[in-house]
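1. sequence first, then the predicted structure, then my questions.
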There are 2 protein chains.
Amino acid sequence: MSDDPLEQLAKLLARLPGIGAKTGLRLAHHLFHAPERYREDLGRALLDLADQVKTCDLCGRPSTANPCPICADPERDQGLMMVLEDALDLAAIEKTGAFRGVYHLLGGAISPLAGRGPDKLNIPMLLERLRSGQVREVIVATNPSAEGDATANYLDELIAAEAPAVVRTRPARGLPVGAEIRYLDPHSLEAALKGRRGC
Amino acid sequence: MSDDPLEQLAKLLARLPGIGAKTGLRLAHHLFHAPERYREDLGRALLDLADQVKTCDLCGRPSTANPCPICADPERDQGLMMVLEDALDLAAIEKTGAFRGVYHLLGGAISPLAGRGPDKLNIPMLLERLRSGQVREVIVATNPSAEGDATANYLDELIAAEAPAVVRTRPARGLPVGAEIRYLDPHSLEAALKGRRGC
């Protein structure tokens, strides 16, 4: 087979995370048989994305407005800032409705294995925001992984030095709601025991 | 979050087979952070697909040429035709290098559950090709599933009536190479026993 355009599409799709060569080929053939209208909508959405969606200068999240609606919202507590790895973490937190502060997105976590040092993260603007005097508490909520923890430890020292007046906190570690102890990994169990509280 | 363009992209991606709402959102964010060049290549590939790739009037496979390179190849045995469900099956057969005849793609299989009757398949052109007198044998190689078998049975009767001079065959059923008998499903084992041959 040397049907180039279909194979080229398959190869482009195969570069997406979680989609290998086989799925890429399957999706390409699906798209070939899909309604032209759908292909056009998807193609246009990709071509127009960079024009329509920018990055908020303050928190670093994708947004059509700059600053984004959350950073610009006078109803939100601008003195309480949560630091997250990316916009999907932010969406999960917003879904809880339990947080009424503002955010700062790092754009990932420190990962020596992936060659991503702190210089690749959105840290200078974080320090600038914290030094402004407007923030009283910063919740560093990177993922509970080796990379996320390394990033949190790095930020903890940095913020202590650069913005000592800001209170630094992290989310509690423990049993996730609905978990069964028998199936939980040792690290989570250990954290839950270490963090035990009086009833 | 009401960042419309990103969410619209996520929803379009979520309509692809095997990609749900969560993966759609993850891919949309990945694409937002991907190099502009990659988004452009992918967007263009989608928009140009229908212009660049057509369907071969003879066999029904996607191709930039019409008739496709296989149908137009004088080196291939035009008297031996394999009927397949779609182009991904064709790619798998071509990879073996064991088949030097031509193909005919049905565009799927009969599926009462999905509301897909024989009228949705590329059958009229199949009969026309078989009636031409050029084909001496037709191998009906639909998938070994309930739908594929129903389609093969339907075609068997139809071809017997419409093109009685053409020899009708099907691929052998049996143990796939490398399989372990202990893990094989009862239907495959039964087919392998029924089809046993002298050594």
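-> In hand now; what should we look at? No experiment lies behind these values; they were computed from the predicted model shown. Numbering: from 1, shown residues only, chains lettered A, B, ... in the order given.
2. contacts only, for the closest residue to A:Pro62 other than its chain neighbours.
-> Spatial nearest neighbour of A:Pro62, excluding adjacent residues (CB to CB, 6 or more residues apart in numbering or on different chains): A:Val53 at 5.0 Å. No exception for glycine: its C-beta is placed from N, CA and C like everyone else's. Contact analysis of A:Val53 by CB atoms under 8 Å, 6 or more residues apart in numbering or on different chains lists A:62-64, B:3, B:5-6, B:32.
3. quick check: A:Glu94 vs chain B, distance?
-> 6 Å (CB to the nearest CB, to the nearest Å).
4. counting neighbours, what do you get for that residue?
-> Look at A:Glu94: counted by other CB atoms under 10 Å in any protein chain shown, it has 13 neighbours.
5. read off the pLDDT value for it.
-> At A:Glu94, the model reports a pLDDT of 90.
6. can you tell me how far it is from A:Leu58?
-> According to CB to CB, to the nearest Å, A:Glu94 stands 16 Å off from A:Leu58.
7. could you do A:Leu193 as well?
-> In terms of CB to CB, A:Leu193 sits 39 Å off from A:Leu58.
8. who has more neighbours, the two?
-> Taking other CB under 10 Å, A:Leu193 and A:Leu58 do not tie; A:Leu58 has more neighbours (20 against 10).
9. secondary structure element for that one, which one?
-> Using DSSP states H and E, A:Leu58 sits within no helix or strand.
10. surely it touches A:Glu128?
-> No - the criterion here is CB atoms under 8 Å, and A:Leu58 misses it with A:Glu128 at 9.5 Å.
11. just for chain A, where's the confidence low?
-> A:1-3 (pLDDT under 70).
12. domain-wise, how is it divided?
-> As given by automatic domain parsing, the domain ranges for chain A are A:4-52, A:76-169.
13. measure stretch A:95-111 end to end?
-> Using CA to CA, to the nearest Å, one end of stretch A:95-111 lies 28 Å from the other.
14. how far does that stretch sit from its chain's centre?
-> Here the centre of stretch A:95-111 is set off from its chain's centre by 7 Å, with CA atoms, centre = their mean, to the nearest Å.
15. repeat for stretch A:39-54
-> 21 Å.
16. equivalent analysis for stretch A:121-140, please.
-> 17 Å.
17. list the contacts of the closest residue to A:Gly79 other than its chain neighbours.
-> Distances taken as CB to CB, 6+ apart place A:Arg136 nearest to A:Gly79, at 4.5 Å, with adjacent residues excluded. By CB under 8 Å, 6+ apart, the contact list for A:Arg136 reads A:79-80, A:166-167.
18. buried subset of those?
-> Buried by 16 or more other CB atoms under 10 Å in any protein chain shown: A:80, A:166, out of the contacts of A:Arg136.
19. secondary structure added to the contacts of A:Arg136, as CSV?
-> Listed next are the contacts of A:Arg136 as CSV, based on DSSP: H, G, I helix; E, B strand; the rest coil:
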residue, secondary structure
A:Gly79, strand
A:Leu80, strand
A:Val166, coil
A:Val167, strand
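20. coming back round to it: for the domains of chain A, which one sits closest to B:Gly178?
-> Closest to B:Gly178 of those, according to CB to CB: domain A:4-52, at 18.3 Å.
21. against chain B, how distant is the most centrally placed residue in chain A?
-> By CA atoms, centre = their mean, the mean C-alpha position of chain A lies nearest to A:Asp86, the distance being 1.4 Å. Using CB to the nearest CB, A:Asp86 is found at 7 Å from chain B.
22. what lies in contact with stretch A:24-38?
-> Applying CB under 8 Å, 6+ apart, the external contacts of stretch A:24-38 come out as A:6-7, A:9-16, A:19, A:39, A:42, B:12, B:15-18, B:46, B:49-50, B:53, B:62, B:86-88, B:91, B:107.
23. same thing but at 7 Å, please
-> For stretch A:24-38, the external contacting residues (CB atoms under 7 Å, 6 or more residues apart in numbering or on different chains) are A:6, A:9-11, A:13-14, A:39, B:16-17, B:46, B:49-50, B:53, B:62, B:87-88.
24. which one is A:Asp57 nearest to, not counting chain neighbours?
-> Here the residue nearest A:Asp57, using CB to CB, 6+ apart, is A:Asn66, at 5.8 Å.
25. give the contact list for the one you found.
-> A:54, A:56-57.
26. how about 8 Å then?
-> A:54-57.
27. using CSV, please lay out those together with neighbour count.
-> Conversion of the contacts of A:Asn66 to CSV gives the following (neighbours: other CB atoms under 10 Å in any protein chain shown):
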residue, neighbour count
A:Lys54, 13
A:Thr55, 18
A:Cys56, 22
A:Asp57, 12
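28. let me have these in CSV, extended by secondary structure.
-> Converted to CSV, the contacts of A:Asn66 look like this (three-state DSSP):
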residue, secondary structure
A:Lys54, strand
A:Thr55, strand
A:Cys56, coil
A:Asp57, coil
